[in-house]
Every structure is written in structure tokens, then in C-alpha cells.
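A.B. asks: Got a sequence here, can you build the structure:
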Amino acid sequence: MKYALLGSLMACVLLAGLCGAAAAAEKKFNHFSIDLPAKCSATEKESIVTVSCGQDSFFSIGIFTKAENGNLTPKQFAEKQSARLKGTAPSKADDGGGWTFQAMSGRVMTHADVSTEGDLTLLFISDVSDADWPDALQKAYDSLRGADDRADALIQKSLFERE
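C.D. replies: A predicted model of the protein is given here:
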């Protein structure tokens with residue numbers, strides 16, 4: 001009986017340790033935060049954060065105020081980002097609420113969306129095969145939230161209302 005109790009206790013300790021290792025860590029950036037699972041990494045370059053959980057699965061996000069994006073219109077911002085990424089010419093998004101373009105990232109075709117709300121502009125880039133994202137990347141995506149109500153409204157409108 002003593003060994004059975006000890007074995008159960010050890011199993012609980014091991015499970016708690018595994019759950020703790022798989023927990024996500026909150027990462028805060030300029031206008032948003034994300035819960036980053038242990039299997040994922042986030043790198044920031046020019047205020048754009050790229051989250052990856054494997055070689056070809058990723059998304060990138062950046063939120064900019066009008067002053068931070070150089071007072072560009074949404075179309076001009078999309079053109080600038082497309083030129084930076086050597087992408088296609090931006091076109092009006094199907095929902096009419098922003099701009100979209102495609103570009104290559106290494107060997108992976110990406111899709112980019114630019115949307116605005118008030119004086120905030122959001123750039124979101126993902127691999128075209130985002131339907132096949134690993135669970136960890138999907139969990140990171142689902143955890144995106146704005147640093148304030150304005151940024152959160154933009155994230156919700158741009159990334160989650162279409163689903």
C-alpha cells in the first residue's frame with residue numbers, strides 16, 4: 001500500500017513537471033502580447049515579430065501607430081512592405097477593409113494583410129499553408145491580444161472576425 005501511494009505521488013509530480021514544461025510564456029511587445037508555447041520562438045526585427053514553431057511554419061505581426069509608420073496611408077504602407085519583401089503589388093482585400101499581397105520567404109510562399117483601425121495599422125504575414133500549422137503555432141496565434149483596447153480591437157477585427 002505504501003509503495004502504491006508513493007508511485008501515485010511520483011506520477012503526479014512527473015505529470016506536473018511535464019505540464020509546467022509545456023506551458024506558454026507571455027511575451028509582450030510594443031502594441032500586443034502573445035502566449036508563446038515552449039516549442040515556439042519569437043524574433044523581433046523592425047517592430048515586426050515572427051513566431052515560428054518549426055522550419056516552415058510561422059506568422060509575423062506588427063502593429064504601428066501613424067507616427068511609427070511614417071504617416072503613410074494603408075495603401076502606401078502595404079506598398080512599402082511589399083517592396084521590402086519583394087512581393088506582388090498590393091491589391092484591395094476581398095472584404096474591402098485593407099490591402100493584401102504575396103511574397104516569398106525562403107522557399108515558402110507567404111500571404112500578407114495590412115489593415116487599419118483609427119490611427120493603428122496592422123501587418124500580418126503567414127505562410128500560405130496556415131491550415132496545416134502545428135498545434136503550438138495555432139495556440140500562439142489564438143493568444144494574440146492588444147496591449148490596449150484600440151490595439152485589441154484591431155487584432156480582433158483583422159485576424160479573428162473573418163474566421
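A.B. asks: Could you tell me the end-to-end distance of stretch 143-161?
C.D. replies: For stretch 143-161, the first-to-last residue distance is 15 Å (CA to CA, to the nearest Å).
A.B. asks: Provide the contact partners of that stretch at residue level.
C.D. replies: Stretch 143-161 is contacted from outside by 24, 28-35, 61, 63, 97-98, 113, 115-118, 120, 122, 124, 141, using CB atoms under 8 Å, 6 or more residues apart in numbering. Yep, even glycine has a C-beta here, placed from its N, CA and C like the rest.
A.B. asks: Return the distance of that stretch from the chain's centre.
C.D. replies: On the basis of CA atoms, centre = their mean, to the nearest Å, stretch 143-161 sits 11 Å off its chain's mean C-alpha point.
A.B. asks: in it, what counts as buried?
C.D. replies: Leu144, Gly146, Arg150, Ala151, Asp152, Leu154, Ile155, Lys157, Ser158, Leu159 (16 or more other CB atoms under 10 Å).
A.B. asks: again, but for stretch 30-50
C.D. replies: Residues of stretch 30-50 classed as buried: 31-37, 39-40, 42, 48-50 (neighbour count, 16+ other CB under 10 Å).
A.B. asks: Filter those residues down to the ones in strands?
C.D. replies: Members of the buried residues of stretch 30-50 lying in strands (criterion: DSSP state E): Phe32, Ser33, Ile34, Asp35, Leu36, Ala42, Ile48, Val49, Thr50.
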